[in-house]
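# compute the structure for the input listed below.
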Amino acid sequence: MEITKEIISEIIKDRRTVYPVNFNPDKKITDINVIKDILDIAVWAPTHKHTQPWNFKVFFGKGVDTFFKKQQEIYKEITPPEKYSDRKFLKYEEKAKQVSAIIAVWMKRDLNDKIPEIEEIVATGCVIENIYLSLKPFGLAGYLSTGNICYTQQTKDFLELGEYDKCLGFFQIGYPKDNLLLPERARIPAEDKTEWVLD
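Residues are numbered from 1 along each chain as shown. I've put the predicted structure just below:
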């Protein structure tokens, strides 16, 4: 199949963030191989010196409940009393009913320091975009959850990360609701953010 500019443009522009509230809670991924296939596609990302710094921890089946219970625990631990919200705490329980799988995506730092850390983070970010782009053919939707909990020492301990490793987010996946209407998106034209040097 010839890959045209139009095909690439359509695939990239069609990439959407869909939140768990818009997942169908009555339809869950039952075949773990679907997640394996998505990750096998995602790892075809650029990586300087072939370090391939991306790593994943997948929460599937009852593991989804385990993940969100830990989120509640960390939220309660790190949130000052004056900022604590019962609504936010209970929202994790709602998500556990909506989400089919969570992929924790983290960057494992090359301890030989072959390349700058930022390049390892960027490479792992490319894998995250590949996950986004891989969802639609499987009829799935998702979004990358980040926020304060993602970057805590408690999360590093939970995921069993090394001292110099970094969690980049939790990719939450599910089947979208039928006939889901998402808002139109827009981007600032590249030309508005581009400076040309021609001589």
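# for the chain, which segments count as strands?
Assigned by DSSP state E, the strands in the chain fall at 54-60, 101-107, 141-145, 166-174.
# report the strands that pair with the longest one, each with its relative direction.
According to DSSP bridges, strand 166-174 has the following sheet partners: strand 101-107 (antiparallel), strand 141-145 (antiparallel).
# still on that earlier bit, out of the strands of the chain, nearest to residue 25?
Nearest of these to residue 25, taken as CB to CB: strand 166-174 at 8.1 Å. All C-beta spots, glycine's among them, are computed from the backbone N, C-alpha and C.
# right, and residue 158 touches residue 70 too?
Yes: counting by CB atoms under 8 Å, residue 158 does reach residue 70; the two are 5.5 Å apart.
# got any ranges where this structure has weak pLDDT?
For the chain, applying pLDDT under 70 flags no range at all.
# number of nearby residues for residue 199?
For residue 199, the count of nearby residues is 2 (other CB atoms under 10 Å).
# distance of it from residue 2?
From residue 199 across to residue 2, the span is 36 Å (CB to CB, to the nearest Å).
# swap in residue 184?
From residue 184 over to residue 2 the distance is 29 Å, taken as CB to CB.
# now residue 121
From residue 121 over to residue 2 the distance is 34 Å, taken as CB to CB.
# out of these two, which sits in the more crowded spot?
A count of neighbours by other CB under 10 Å puts residue 121 above the other of residue 121 and residue 2, at 15 against 4.
# does that one really touch residue 167, like I thought?
No: in this structure, residue 121 is not within contact of residue 167 by CB under 8 Å, at 11.0 Å.
# what ranges do the helices span in the chain?
For the chain, the helices defined by DSSP state H cover 5-13, 32-42, 62-78, 86-98, 117-135, 153-159.
# can I get the strands of the chain in JSON lines with distance to residue 10 and mean neighbour count?
Output for the strands of the chain, formatted as JSON lines (distance: least, CB to CB, whole Å; neighbours: other CB atoms under 10 Å):
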{"stretch": "strand 54-60", "distance to residue 10": "26", "mean neighbour count": "18"}
{"stretch": "strand 101-107", "distance to residue 10": "25", "mean neighbour count": "24"}
{"stretch": "strand 141-145", "distance to residue 10": "17", "mean neighbour count": "21"}
{"stretch": "strand 166-174", "distance to residue 10": "22", "mean neighbour count": "23"}
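# which of those strands sits closest to residue 153?
strand 166-174 (10.6 Å).
# how far is the closest one from where the chain is centred?
Its chain's C-alpha centre and that of strand 166-174 lie 3 Å apart, by CA atoms, centre = their mean, to the nearest Å.
# contacts for it, please.
Residues outside strand 166-174 that contact it (CB atoms under 8 Å, 6 or more residues apart in numbering) are 20, 23-24, 27-29, 35, 38, 67, 95, 98-107, 109, 121, 124-125, 128, 131, 135, 140-146, 150-151, 155-156, 159, 161.
# now the strands of the chain as CSV including distance to residue 115?
Shown next, in CSV, are those (distance: least, CB to CB, whole Å):
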stretch, distance to residue 115
strand 54-60, 14
strand 101-107, 12
strand 141-145, 24
strand 166-174, 15
